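can you look at this prediction? I've put the sequence above it.
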Amino acid sequence: MTTNSPSATNQGQQLLAEAQLMLANGNFEAASGLLLRARAEKDVMLAAHALIEQHGLTGSFRNIMGLDCTISTADDIFGFFAGHPSSNNPLRDYLADGWRTLAELMTVMERVGQPLVQSQHFLEFASGHGRFTRHLAHLLGPGKVTVSDVVPDAVDFAQRTFGVQGFVSASVPEQLVAPRQYDTVFVLSLFSHLPRSTWGRWLQVLYNLVSPGGILVFSTHGIKAARFDSVPLDDEGFFFAPSSESNAIDPNEYGTAFTTEAFVRARIAETVGADKLEYFSPVQFWNHQDVYVLRKPS
């Protein structure tokens, strides 16, 4: 049983040190057993995971999933899983959640007649440290994938680890500079964090990145999420709190937002035009977030 006591912390570090010695001596079988035990200790979980993945040892997720399962120590989303009371196996839950997102996105894109596998230039915006990117790059090939995030380390990690292209985003929407347009722009759980002051502005800027005939797919915290968290929506159907799982972004810039369908439709109408909304589905992602698909005319 994993605890946070000093003895447990010392045990994890001791197991990790012994495993590293076994690896240096070429005793991979012994190291594997030690690292599996170390991986169960929270303070050394990611360090043990990294060594298991690097050497392809017993328990490697790469051997099960067939893709790069490296996780950055700066990944706030992994930290969310590791600290969540419902997650008994944060590594497995984190990696499986990226796969789930891929399956849910494929369903959406099939319904609008634009299969994901046919995407030639895919932009994952607000991509973080690769929870979803690893699965996307494995499916499409890294050459067809571009990531963007306001945290430079996240973009750098994705480029180095998954071989994708990338560019750093901006805090001010109008200052975003992208290298091209994309047939698919996917924005998962950014609009669920934006304050009112930048909500519509980001919608306009991201729609501008879609190539003619392409689509913008984005998610929001909708009415189900608002009711679950007992959030008091205002008369327009909006709520924002300066708090999120991210430790790297100003909470006033990236907090937690909830929106009704009516609020989102109004922002679409006033920015890009109501006729651009091709598809809407409540609680499409994680049984928690609504999805909207905008189509740019050919």
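Here it is on my side, so go on. These numbers were taken from a predicted model, which means no experiment stands behind them. Numbers count the residues shown, from 1 in each chain.

what is the burial count for Pro282?
Residues contacting Pro282 under the criterion other CB atoms under 10 Å number 14. (Glycine included, C-beta is placed from N, CA and C.)

give me phi/psi at Ala19?
Dihedral pair for Ala19: phi -70, psi -40, per degrees, to the nearest 10.

for it, what are its contacts?
Residues near Ala19 by CB atoms under 8 Å, 6 or more residues apart in numbering: Ala30, Ala31, Leu34, Leu35, Ala38, Ala48, Leu51.

packing partners of the longest strand seen in the chain?
Once the chain is assigned using DSSP state E, the strand that runs over the most residues is strand 210-221. Contact here means 3 or more CB pairs under 8 Å, 6 or more residues apart in numbering; DSSP states H and E; on that basis strand 210-221 packs against helix 90-111, strand 182-187, helix 196-208, strand 256-259, strand 277-285, strand 289-295.

repeat the analysis, applying 6 Å as the threshold.
Identification of packing neighbours for strand 210-221 by 3 or more CB pairs under 6 Å, 6 or more residues apart in numbering; DSSP states H and E yields strand 182-187, strand 289-295.

what separates the residue of the chain most remote from its centre from Ala19, distance-wise?
The centre of the chain is farthest from one residue, Asn25, which by CA atoms, centre = their mean lies 37.6 Å away. Look at Asn25 and Ala19: by CB to CB, to the nearest Å, they are 11 Å apart.

tell me the buried residues in the helix or strand just after the longest strand of the chain?
Following strand 210-221 in sequence order, the next helix or strand is helix 223-228 (DSSP states H and E). Buried residues in helix 223-228, counted by 16 or more other CB atoms under 10 Å: Ile223, Ala225, Ala226.

the stretch 51-200 of the chain: helices as residue ranges?
61-65, 76-83, 90-111, 133-140, 152-162, 196-208 (DSSP state H, counting those that start in this stretch).

quick one: low-confidence parts of the protein?
Residue ranges of the chain with pLDDT under 70: 1-9, 244-248.

tell me what angle the longest strand of the chain forms with strand 289-295.
160 degrees (axes from the mean of the first three to the mean of the last three CA atoms, to 10 degrees).

for strand 210-221, C-alpha coordinates in PDB please.
Extracted as PDB, the C-alpha positions of strand 210-221 are listed here (Å, rounded to 0.1, in the frame of the first residue of the first chain):
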ATOM      1  CA  VAL A 210      -9.000  26.300 -40.500                       C
ATOM      2  CA  SER A 211      -8.300  25.800 -44.200                       C
ATOM      3  CA  PRO A 212     -11.300  26.100 -46.700                       C
ATOM      4  CA  GLY A 213     -13.500  23.000 -46.300                       C
ATOM      5  CA  GLY A 214     -11.900  22.100 -43.000                       C
ATOM      6  CA  ILE A 215     -13.300  22.000 -39.500                       C
ATOM      7  CA  LEU A 216     -12.800  23.400 -36.100                       C
ATOM      8  CA  VAL A 217     -13.700  21.000 -33.300                       C
ATOM      9  CA  PHE A 218     -13.800  22.300 -29.700                       C
ATOM     10  CA  SER A 219     -15.300  21.300 -26.400                       C
ATOM     11  CA  THR A 220     -16.800  23.100 -23.400                       C
ATOM     12  CA  HIS A 221     -18.100  22.500 -19.900                       C
END
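
how about residues contacting it?
114, 181, 183-189, 191-192, 206-207, 258-259, 264, 285, 289-296, 298 (CB atoms under 6 Å, 6 or more residues apart in numbering).

going through those residues, which ones are buried?
Buried, going by 16+ other CB under 10 Å: 114, 183-189, 191-192, 206-207, 258-259, 264, 285, 289-296, out of the contacts of strand 210-221.

related to what we said a few turns ago, top of the contacts of Ala19 by neighbour count?
Compared across these, Leu35 has the highest neighbour count, 29 neighbours, by other CB under 10 Å.

hang on, that one packs against Gln54?
No - the criterion here is CB atoms under 6 Å, and Leu35 misses it with Gln54 at 10.3 Å.

please report the distance of Ser298 from Thr58.
To Thr58, Ser298 is 52 Å away according to CB to CB.

residues touching the residue nearest to Trp202 when sequence neighbours are not counted, list them.
The shortest distance from Trp202 to any non-neighbouring residue, by CB to CB, 6 or more residues apart in numbering, is to Pro173 (4.8 Å). By CB under 6 Å, 6+ apart, the contact set of Pro173 is Thr198, Arg201, Trp202, Val205.
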